[in-house]
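> Make a model of this:
(chains A and B)
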Number of protein chains: 2
Amino acid sequence: MSTRNIIIALDAMGGDYGPESVIPGAALTLKAHPQLGFILFGDEGQIGPLLDKEPALKAVSTVVHTDHKIMSNEKPSTALRSSKGSSMRLAIEAVKEGRAMAVVSAGNTGALMALAKMVLTPLPGINRPAIASIFPTRQSDTIMLDLGANVLVDAENLVQFAVLGAVFAKLHKNVAQPSVGLLNVGSEEMKGPDHVREAAAILSEVEFPGHYYGFVEGDDITKGTVDVVVSDGYAGNIALKTAEGVGSLTTHLFKKNVMRDPLGILGSMMAYFALKRFQDQLDPRRYNGGVFLGLNGLCVKSHGGCDALAFSSAVNLAAELVEQGYVEMVGREIEHLSEQKSFLSQEL
Amino acid sequence: MSTRNIIIALDAMGGDYGPESVIPGAALTLKAHPQLGFILFGDEGQIGPLLDKEPALKAVSTVVHTDHKIMSNEKPSTALRSSKGSSMRLAIEAVKEGRAMAVVSAGNTGALMALAKMVLTPLPGINRPAIASIFPTRQSDTIMLDLGANVLVDAENLVQFAVLGAVFAKLHKNVAQPSVGLLNVGSEEMKGPDHVREAAAILSEVEFPGHYYGFVEGDDITKGTVDVVVSDGYAGNIALKTAEGVGSLTTHLFKKNVMRDPLGILGSMMAYFALKRFQDQLDPRRYNGGVFLGLNGLCVKSHGGCDALAFSSAVNLAAELVEQGYVEMVGREIEHLSEQKSFLSQEL
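I've put the predicted structure just below:
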């Protein structure tokens, strides 16, 4: 409702379960962030009954009906052409028009990225927006970007990503000068691709809201060596998917070996709470949410297969970044980066 | 000894534990491959007493003394210049001179790669050798390459890697036509870097000892979607290190949560054998060994921190590939690939 401070627009129809994850997910987030309000875009007939079960959420939500939704298997280019009036597009437009401060969708990633970029447009000084996510580590969380928005980038793009990620880490981790590492290969002799080495040179010179740590390797992501890991979308996406794959293989083999063995089952029951704590710390649902950074407005992509808890994590992320003024702060920092550009091009 | 069929040269001084891992590791391998013989290069004073404890190994081994070894922290370029007479170089030269059929070292990766390439030289038709390893998956093993020998490659290099990997998979997995996938990013709209897309076009046309599956993503590595995953050394190294990092984070959190909780400890004891089976299936020591493929001779790099079991896995890998005639077979396949080259350049 309009009396609320922070309004989040939700694409209620996105993801495999649509409103069945979105509505209870938003209700979960509201418990942690009671100052939020929501605009829900989608089929009123499906949303209504679910909202009736969540009176607290219903009290702070407006429903905007549409029966048009973008399918998850549509090609982004096709989806874009027929996107007018869809729940996803309407939700993004609510941010553009200032009726909401962030949008969350579990729908078609390619379409969401293309629509968010087109409707919200990049911040002045940003050539390419990036997708960022939070990773669990041995220490505190690490922010990683780009996770696949841009396959090919140049050094300047990577430097912009460093700023986008550093401001994210500053707010999320509450550290004054987050450390930023560039993802690279391990060996001494091969210091990686040109764009990564050039970005290293710029980051060593430039003033930005973090401090440049140096190159990091794939295993540094989960070691928590730095607050922010920056890479191009090619390596970043492959690292993300590989990490998901190893996690899922581990779960699969644990179930196969331990949960099909009588003593294994008994032992697991005995260790239930300890195992649950362990599981919770690596639960991908708690880390659900890829944020599109570098746009005039915030857009969070939730995993398509999300349940209510997972969707709620994505909404929490949007709420947290809005509450702390991410977009305004990053806008100033990118401006400051751009001011240093002429100086930099002389130096290098 | 010279009466043995297959001789493997071992750099006895490589790795964090040197002969203390190498000697018992080789003894373990000998049990599984009783037809092997060994030449051990290194400090006789250290090797002798350890060899006395392994009479079966001693009976089939020759020791070549040298007190020069390459340090693990030396820069490869420096190591290369002062490599003459070192245990690593002598072991590689034994392969070059036909006294051994493969070399295994746990020493300095960069130096080993540079020396192996210089001394053994690439096979005719191979522009760049690659590093390959075996990954555990939900199904059977997957071969992945390049894991970091070459940061920047072109499409032709990737096609050569596909052949190197396909022959490896054919022998290791005993499949007639291994499936080969190119590692790429996920989204439909962004089909990845030029060299990956060009390699896909060539692999769809060319006759090689496998069949081209298409693009695969990071999580396909552990799903076992294909027998061989091919990538450049940049993405491949980042994927490998990320996978290692997630594995080590999982172990760390399991120990932290379950093994410090009284019921967790009791439960783990009860589930001991089930947990052990689970652990064994993901034990990185069983997958130890990066093979340098594409050279006139086989060179296997063991992890520097290896214990005897881990070192033994690397020696097993060398033995397996030698026994099955990897180098000869791959030489013929690369020749066949080169013959198709003029036809291909007309087509594309």
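
> Now do the closest residue to A:Thr121 other than its chain neighbours against A:Glu156, distance only.
Among residues not flanking A:Thr121 along the chain, A:Asn296 sits closest, at 5.6 Å (CB to CB, 6 or more residues apart in numbering or on different chains). The way it works is simple: take the backbone N, C-alpha and C, and place the C-beta from them, glycine included. Using CB to CB, to the nearest Å, we find A:Asn296 at a distance of 20 Å from A:Glu156.

> Also A:Ile126?
The span separating A:Ile126 from A:Glu156 equals 10 Å under the rule CB to CB.

> More neighbours: the two, which one.
Using other CB atoms under 10 Å in any protein chain shown as the criterion, A:Ile126 and A:Glu156 rank with A:Ile126 on top: 23 against 18.

> Hmm, A:Glu217 is touching A:Gly181, no?
No: using CB atoms under 8 Å, A:Glu217 makes no contact with A:Gly181, being 9.1 Å away.

> quick check: longest helix of chain A.
If you go by DSSP state H, chain A has its longest helix at helix A:233-258.

> Tell me if stretch A:132-152 is near chain B.
Yes: using CB under 8 Å from any CB of the partner chain, stretch A:132-152 reaches chain B at A:136-138, A:148, A:150-152.

> Of these, which is the most crowded?
A:Gly148 leads the residues of stretch A:132-152 next to chain B on contacts (other CB under 10 Å) with 26 neighbours.

> That one contacts A:Asp232, correct?
No: contact between A:Gly148 and A:Asp232 fails when scored by CB under 8 Å: they sit 9.5 Å apart.

> hmm, back to that, buried sites along the longest helix of chain A?
For helix A:233-258, a neighbour-count test (16 or more other CB atoms under 10 Å in any protein chain shown) marks A:233-247, A:249-250, A:253-254, A:257-258 as buried.

> do the same with stretch A:212-228
A:212-213, A:215-228.

> now do stretch A:77-84
So, applying 16+ other CB under 10 Å, buried residues of stretch A:77-84: A:79-80, A:83.

> do stretch A:156-173 as well
Residues A:156-172 are the ones in stretch A:156-173 that count as buried (16+ other CB under 10 Å).

> Tell me which of those fall in helices.
Short answer: the buried residues of stretch A:156-173 in helices (DSSP H) are A:156-172.

> The stretch 1-150 of chain A against chain B: which residues are in contact?
Taking CB under 8 Å from any CB as the measure of proximity, the stretch 1-150 of chain A contacts chain B at A:75-77, A:109-110, A:114, A:136-138, A:148, A:150.

> Closest to B:Val322 out of the residues you listed?
A:Arg138 (39.6 Å; CB to CB).

> Pretty sure the closest one sits against B:Thr251.
No: applying CB under 8 Å as the test, A:Arg138 and B:Thr251 come out as separate, 10.6 Å apart.

> picking up where we left off before, which of the buried residues of stretch A:77-84 lies closest to A:Gln35?
Closest to A:Gln35, out of all of these and judged by CB to CB, is A:Ser83, at 31.0 Å.

> what residues do A:Gly148 and A:Asp232 have in common as contacts?
Among the neighbours of A:Gly148, none is also in contact with A:Asp232 (CB atoms under 8 Å, 6 or more residues apart in numbering or on different chains).

> Looks to me like A:Ile7 is in a strand.
Yes: according to DSSP: H, G, I helix; E, B strand; the rest coil, the state of A:Ile7 is that of a strand.

> Against chain B, how distant is the residue nearest to A:Thr121?
Look at A:Asn296 and chain B: by CB to the nearest CB, to the nearest Å, they are 22 Å apart.

> three-state assignment of A:Cys306?
Reduced to three states by three-state DSSP, A:Cys306 is coil.

> Tell me the spacing between it and chain B.
Between A:Cys306 and chain B the computed distance is 17 Å (CB to the nearest CB).

> what's the answer for A:Tyr234, then?
Distance, A:Tyr234 to chain B, using CB to the nearest CB: 6 Å.

> so what's the closest residue to that residue other than its chain neighbours up against?
In space, and not counting its chain neighbours, A:Tyr234 is closest to A:Val151: 4.8 Å by CB to CB, 6+ apart. Contact analysis of A:Val151 by CB under 8 Å, 6+ apart lists A:232-234, B:185, B:190, B:192-193.

> which one of the residues you listed has the most neighbours?
Busiest of the contacts of A:Val151 [other CB under 10 Å] is A:Asp232, holding 30 neighbours.

> how much space between the closest residue to that one other than its chain neighbours and A:Pro193?
Leaving out its chain neighbours, the residue that sits closest to A:Asp232 by CB to CB, 6+ apart is A:Val153, at 4.5 Å. Distance of A:Val153 to A:Pro193, given as CB to CB: 10 Å.

> picking up where we left off before, farthest-apart pair in the residues of the stretch 1-150 of chain A next to chain B, please.
Using CB to CB, the two most remote members of the residues of the stretch 1-150 of chain A next to chain B are A:Ser77 and A:Arg138, lying 41.4 Å apart.

> In contact with the spatially most central residue of chain A, which residues?
The structure's chain A has its C-alpha centroid closest to A:Gly290; by CA atoms, centre = their mean the separation is 1.9 Å. Listed by CB under 8 Å, 6+ apart, the contact partners of A:Gly290 are A:109, A:131-133, A:147, A:300-301.

> could you redo the last one with a cut-off of 6 Å?
For A:Gly290, the contact set (CB atoms under 6 Å, 6 or more residues apart in numbering or on different chains) comprises A:131, A:133, A:147, A:301.

> Also A:Val206?
A:Gln340.

> I figured A:Val300 hits A:Asn316, correct?
No: taking contacts as CB atoms under 6 Å, A:Val300 lies outside contact range of A:Asn316: 9.4 Å.

> more neighbours, those two?
Shown here are A:Val300 and A:Asn316; by other CB under 10 Å, A:Val300 has more neighbours (28 against 21).

> So in terms of bridging, what pairs with the more buried one?
Counting by DSSP bridges, A:Val300 is bridged to A:Val104, A:Val291.

> Spell out which residues of the stretch 201-348 of chain A are next to chain B.
Residues of the stretch 201-348 of chain A lying close to chain B (CB under 6 Å from any CB of the partner chain) are A:217-219, A:221-222, A:234-235, A:237-239, A:241-246, A:249-250, A:252-254, A:257-258, A:261, A:263-264, A:266-267, A:270-271, A:274, A:277-278, A:281.

> could you pull out the strands for the stretch 1-150 of chain A?
Using DSSP state E, counting those that start in this stretch, the strands of the stretch 1-150 of chain A run over residues A:6-11, A:36-42, A:61-65, A:102-105, A:130-135, A:142-145.

> Send me the second one as CSV with only the CA atoms.
As requested, the backbone C-alpha atoms of strand A:36-42 are provided in CSV (Å, rounded to 0.1, in the frame of the first residue of the first chain):
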residue,chain,number,x,y,z
LEU,A,36,7.6,-3.7,3.3
GLY,A,37,4.7,-3.4,0.9
PHE,A,38,4.1,-5.4,-2.2
ILE,A,39,2.5,-5.1,-5.6
LEU,A,40,1.7,-8.5,-7.0
PHE,A,41,1.3,-8.9,-10.8
GLY,A,42,-0.5,-11.9,-12.2
